[in-house]
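[1] can't give you the sequence, but here's the structure:
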DNA sequence: TCAATACATTGAAGATCATCAATGCAGTGG
DNA sequence: CCACTGCATTGATGATCTTCAATGTATTGA
């Protein structure tokens, strides 16, 4: 249990005179929240997990088998992940083989790690 | 540029016979996505940032001054952060002094870090 | 050329989220 | 007791997200 030191403040004192310190620029905050958002869904996380462990061998119906949602929903999340640059795919005949972009995921991961560290 | 190795697959082969490998349990994925969600908003991130740098001295109208949204919206995000355990407050007369729960934030941060590492 | 397959896209419906004006409530000074 | 202040809550509105049936499109084997 930490004890928190609080200066007394007098009524009527417009309390916000002193500019609060901050380090997270609005722009950075927006970027960070977008990064977090890209990952913040169970299906997307599981897709990334599967792609990560089955390099280059995963088509959409594999994902359909593994996940509790229907094919259009999977395609939808695949699209979001693709737009975020986290995955890509290679069409091969009828199939679309998806794979993870480890570099981009790493970058995103370290942006998040840095962001969280900045809050500590 | 990585070259991706893909086994040929024959049409009609139900392609999902082989069980895909995964490590992220659905439950874990849900937890992780909730953790990410709790942080995934610019206003919440900036609130955490401000609380982190102004230990124990921050009331709601300070935040109102610093952030581009109105007071009820700030109260709303404060509530979400409080429900996530990331912050707490101490009422003192008319004011509510908010502070960050560094332990909880650290825990959440390391859950996220672990989760992302698992995807690598 | 035709039927079947793998996947994407569309469009609609419902769920969740973000925002703020209005209001409620407790504490304070007069 | 009253007016005021700081903050929470309510309720309404609009935006964004999630899901899936239906449909479209390209490719394949026959």
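    Great, that's in hand. As the structure is a computational prediction, the values presented were derived from the model and not from experiment. Numbering: from 1, shown residues only, chains lettered A, B, ... in the order given.
[2] Helices of chain A, residue ranges please.
    For chain A, applying DSSP state H gives helices covering A:26-39, A:42-53, A:60-66, A:71-83, A:102-118.
[3] Out of those helices, indicate the one that is most buried.
    helix A:42-53 (a mean of 23; mean count of other C-beta atoms under 10 Å in any protein chain shown). Using the backbone N, CA and C atoms, a C-beta is placed for each residue, glycine as well.
[4] tell me the angle of that one relative to helix A:102-118?
    In terms of direction (axes from the mean of the first three to the mean of the last three C-alpha atoms, to 10 degrees), helix A:42-53 departs from helix A:102-118 by 130 degrees.
[5] Mean confidence (pLDDT) on helix A:42-53, please.
    For helix A:42-53, mean pLDDT is 97.
[6] Low-confidence stretches in chain A?
    Residue ranges of chain A with pLDDT under 70: A:1-20.
[7] For it, which residues are neighbours of DNA strand C?
    Taking C-beta under 7 Å from any atom of the strand as the criterion, chain A approaches DNA strand C at residues A:10-11, A:59-61, A:64, A:71-72, A:74-76, A:78-79, A:89, A:94-96.
[8] try it again with 6 Å
    Contact residues, chain A versus DNA strand C (C-beta under 6 Å from any atom of the strand): A:11, A:59-61, A:71-72, A:75, A:78-79, A:89, A:94-96.
[9] Just confirm residue A:120 contacts residue B:100, I think it does.
    No - Residue A:120 lies out of contact with residue B:100 (C-beta atoms under 8 Å); the separation is 9.3 Å.
[10] Residue A:30 and chain B: what is the separation?
    For residue A:30, the distance to chain B (C-beta to the nearest C-beta, to the nearest Å) stands at 5 Å.
[11] residues touching that residue, list them.
    By C-beta atoms under 8 Å, 6 or more residues apart in numbering or on different chains, the residues touching residue A:30 are residue B:42.
[12] And the helices of chain A: which comes nearest residue B:53?
    helix A:102-118 (9.7 Å; C-beta to C-beta).
[13] Can you name every helix or strand that that closest one contacts?
    helix A:26-39, helix B:102-118 (3 or more C-beta pairs under 8 Å, 6 or more residues apart in numbering or on different chains; DSSP states H and E).
[14] Switch those helices over to JSON lines; also include distance to DNA strand D.
    Listed next are the helices and strands packed on helix A:102-118 as JSON lines, based on distance: least, C-beta to the nearest atom of the strand, whole Å:
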{"stretch": "helix A:26-39", "distance to DNA strand D": "6"}
{"stretch": "helix B:102-118", "distance to DNA strand D": "16"}
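[15] which stretch among those comes nearest residue B:85?
    Of the helices and strands packed on helix A:102-118, nearest to residue B:85 by C-beta to C-beta is helix B:102-118, at 4.6 Å.
[16] which residues sit against the closest one?
    In contact with helix B:102-118 (C-beta under 8 Å, 6+ apart) are residues A:39, A:45, A:49, A:105, A:109, A:112-113, A:116-117, A:119-120, B:23-24, B:28, B:31-32, B:35-36, B:38-39, B:48, B:52, B:84-86.
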